[in-house]
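[1] from the sequence below, what's the structure:
(chains A and B)
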There are 2 protein chains.
Amino acid sequence: METKPQTDFVRARRMHERGRYDEATIHAVLDAAPVCHVGHLIDGRPVVIPTFHWRDGDVVYWHGSAASRMLRANARGEEVCLTATLLDGFVLARSGFHHSVNYRAAMCFGVPRLVTDTAEKLGALKGFMERLFPGRWDGLRPITAQELKATSVLALTISEASAKLRDAPPGDDPGDETWPIWGGVLPVHLAAGAPQPDRYATADQLPPATPFT
Amino acid sequence: METKPQTDFVRARRMHERGRYDEATIHAVLDAAPVCHVGHLIDGRPVVIPTFHWRDGDVVYWHGSAASRMLRANARGEEVCLTATLLDGFVLARSGFHHSVNYRAAMCFGVPRLVTDTAEKLGALKGFMERLFPGRWDGLRPITAQELKATSVLALTISEASAKLRDAPPGDDPGDETWPIWGGVLPVHLAAGAPQPDRYATADQLPPATPFT
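    The predicted model follows:
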């Protein structure tokens, strides 16, 4: 598996033992996270917007309304930072200082490109649906030319990236372990609730599996 | 409840019916989200970092190592964007175009301030622990002067903010509702796994409740 150039910019400064720069790790975090946060500049000010993303090889996609201020800003040829984070557990130590969190985060940099080719755009949108609900795309009312035009798709070829992971019990200071308070990990994960069919769904129609759960 | 100035900058452009600007809504989203993403500039480049946050009135706090590049950047008197997002459900329509997501997101702008007063810093860190594990702080091995010095706390008085919420079934186009495929909402939420005591925890010590679940 190719290793990303570990530029000085993305090199983890703090807790550098948690830093990872290989594509397999970065891609795995991106694929496991339903949502990412894209940071970009609007009027010179940093703006962070949550959005869904999906990945094809070294390209991360997101989408939105063609009229969206975010999407238009992202299409201007300026660098963005796309960060995807998964919270895996609360780490409880015997001192406040050593409390921590188990998590997976990937931070990707690059200049996004507006996908203008119709076939590529259609393929990307289908890829997005397939990531969430495999097989659903072909059963849907087909997308219209007007809907496709009203949708912008951004493609980010990752130019720099890093991941940061923690998956461990607390790291108490020597001597603190026997302080009389519980220590360990409280794991958390995204879970599915009961599907809520709308009033048009019929009894013979089944919901797909809930993604990321 | 006071209403935030709805500046032109934070006004929702798209899906403006989802935009909310009152403090109660913005605070509720911040309080419900375990993690936020802070966007700031480093070397003129947008960088988005996940972190834990907590709130006291109109002030949002986060913390980290005093040696952290992020924390040092945040203390330079430049504006940041702090966004907290909760994913509540996947919204499945009969057309790809009307697929959506139920979510709560709050986006806050302001210039963070490094908390330098020792009493304020201590109070803020205790407030953070209380948010996660009420009552735990007083049972911990007390924080040392050295640990307090090694920890930076940032305080952001929110100067502009907006929230965006969706909590509804799919909004299919008229005529699409009877397309022969399931439509509705697949709810998701953060759930707790079984607590994992570390090898020093004793049988008489009980874990606290898992926050945000």
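[2] contacts and neighbour counts: CA atoms only from here.
    Will do.
[3] can you mark which positions in the longest helix along chain A are buried?
    Scanning chain A for the longest helix, with DSSP state H as the assignment, gives helix A:118-132. Neighbour-count burial for helix A:118-132 flags A:121, A:124-129, A:131-132 (criterion: 16 or more other CA atoms under 10 Å in any protein chain shown).
[4] and those residues, which is closest to A:His63?
    Nearest to A:His63 among those, counting by CA to CA, is A:Leu125 at 8.3 Å.
[5] need the pLDDT of that closest one.
    A:Leu125 carries a pLDDT value of 97.
[6] so, low pLDDT: which residues of chain A?
    Along chain A, the model assigns pLDDT under 70 to residues A:1-17.
[7] what about the closest residue to A:Arg113 other than its chain neighbours, how many neighbours?
    With sequence-adjacent residues excluded and distances taken as CA to CA, 6 or more residues apart in numbering or on different chains, A:Arg113 is closest to A:Ala155, at 5.1 Å. For A:Ala155, the count of nearby residues is 25 (other CA atoms under 10 Å in any protein chain shown).
[8] my guess is A:Ala155 meets A:Tyr61, correct?
    Yes - between A:Ala155 and A:Tyr61 there is a contact under CA atoms under 8 Å: 4.6 Å.
[9] stretch A:92-100 and chain B, any residue contact?
    Yes - counting by CA under 8 Å from any CA of the partner chain, chain B is contacted by stretch A:92-100 at A:94-97.
[10] picking up where we left off before, what does the longest helix of chain A contact?
    With contact meaning CA atoms under 8 Å, 6 or more residues apart in numbering or on different chains, helix A:118-132 is reached by A:53-54, A:61, A:115, A:136-137, A:148, A:153, A:211, B:96.
[11] make it 10 Å
    Contacts to helix A:118-132, defined as CA atoms under 10 Å, 6 or more residues apart in numbering or on different chains, come from residues A:31, A:34, A:52-56, A:61-63, A:114-115, A:117, A:133-138, A:143, A:145, A:148-149, A:151-155, A:208-212, B:90, B:96-97, B:99.
[12] pull the contacting residues for A:Val115.
    Neighbouring residues of A:Val115 by CA under 10 Å, 6+ apart: A:61, A:63, A:75, A:121-122, A:124, A:152-156.
[13] a markdown table for the residues of stretch A:92-100 next to chain B, including secondary structure and neighbour count?
    Shown next, in a markdown table, are the residues of stretch A:92-100 next to chain B (DSSP: H, G, I helix; E, B strand; the rest coil; neighbours: other CA atoms under 10 Å in any protein chain shown):
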| residue | secondary structure | neighbour count |
| --- | --- | --- |
| A:Arg94 | coil | 26 |
| A:Ser95 | strand | 24 |
| A:Gly96 | helix | 23 |
| A:Phe97 | helix | 20 |
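[14] export those to JSON lines and tack on distance to B:Cys108?
    Formatted as JSON lines, the residues of stretch A:92-100 next to chain B follow (distance: CA to CA, whole Å):
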{"residue": "A:Arg94", "distance to B:Cys108": "33"}
{"residue": "A:Ser95", "distance to B:Cys108": "31"}
{"residue": "A:Gly96", "distance to B:Cys108": "27"}
{"residue": "A:Phe97", "distance to B:Cys108": "27"}
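[15] which one of the residues you listed is nearest A:Pro169?
    Of the residues of stretch A:92-100 next to chain B, the one sitting nearest to A:Pro169 (CA to CA) turns out to be A:Arg94, at 11.8 Å.
[16] residues in contact with the closest one?
    Taking CA under 10 Å, 6+ apart, we find A:Arg94 in contact with A:170-173, A:176-184, B:136-137, B:139-142.
[17] at 7 Å what do you get?
    A:172, A:176-177, A:179, A:181, A:183, B:140-141 (CA atoms under 7 Å, 6 or more residues apart in numbering or on different chains).
[18] for A:Leu41, same thing?
    A:47, B:46.
[19] from B:His98, how far off is it?
    Going from A:Leu41 to B:His98 by CA to CA, to the nearest Å gives 28 Å.
[20] same thing with A:Asp198?
    Separation of A:Asp198 from B:His98 (CA to CA): 14 Å.
[21] ok so, going back, tell me which two of the contacts of A:Val115 sit farthest apart.
    Longest span within the contacts of A:Val115, CA to CA: A:Ala75 and A:Leu122, 17.9 Å.
[22] in three-state terms, label A:Pro46 for me.
    Following DSSP: H, G, I helix; E, B strand; the rest coil, the label given to A:Pro46 is strand.
[23] same check on A:Ala73?
    Going by three-state DSSP: A:Ala73 is helix.
[24] any idea how far A:Glu160 is from the nearest residue to it once chain neighbours are set aside?
    Residue nearest to A:Ala73 in three dimensions, not counting chain neighbours: A:Ile42, with 6.9 Å by CA to CA, 6+ apart. According to CA to CA, A:Ile42 stands 22 Å off from A:Glu160.
[25] between those two, which is the more surrounded one?
    Comparing A:Ile42 with A:Glu160 by other CA under 10 Å, the one with more neighbours is A:Glu160, at 19 against 13.
[26] beta partners of the closest residue to that one other than its chain neighbours?
    Leaving aside its chain neighbours, A:Glu160 sits nearest to A:Phe109 (5.2 Å; criterion: CA to CA, 6+ apart). In this entry, A:Phe109 is beta-bridged to A:Cys81, A:Glu160, by DSSP bridges.
[27] A:Phe109: what's it in contact with?
    A:79-82, A:158-161.
[28] run the last query once more with 10 Å
    Contacts of A:Phe109 by CA under 10 Å, 6+ apart are A:10, A:38-39, A:79-83, A:156-162, B:45-48.
[29] do A:Arg76 as well
    A:111-114.
[30] identify, from the residues you listed, the entry nearest to A:His189.
    A:Pro112 (30.4 Å).
[31] how about the contacts made by the closest one?
    Residues near A:Pro112 by CA under 10 Å, 6+ apart: A:59-62, A:71, A:73-81, A:153-158.
[32] 8 Å instead, please
    A:Pro112 touches A:74-75, A:77-80, A:154-157, counting by CA under 8 Å, 6+ apart.
[33] quick revisit: can you turn the buried part of the contacts of A:Phe109 into a PyMOL selection?
    Buried residues among the contacts of A:Phe109 (16+ other CA under 10 Å), as a PyMOL selection:
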select buried, (chain A and resi 10+38+39+79+80+81+82+83+156+157+158+160+161+162) or (chain B and resi 45+46+47+48)
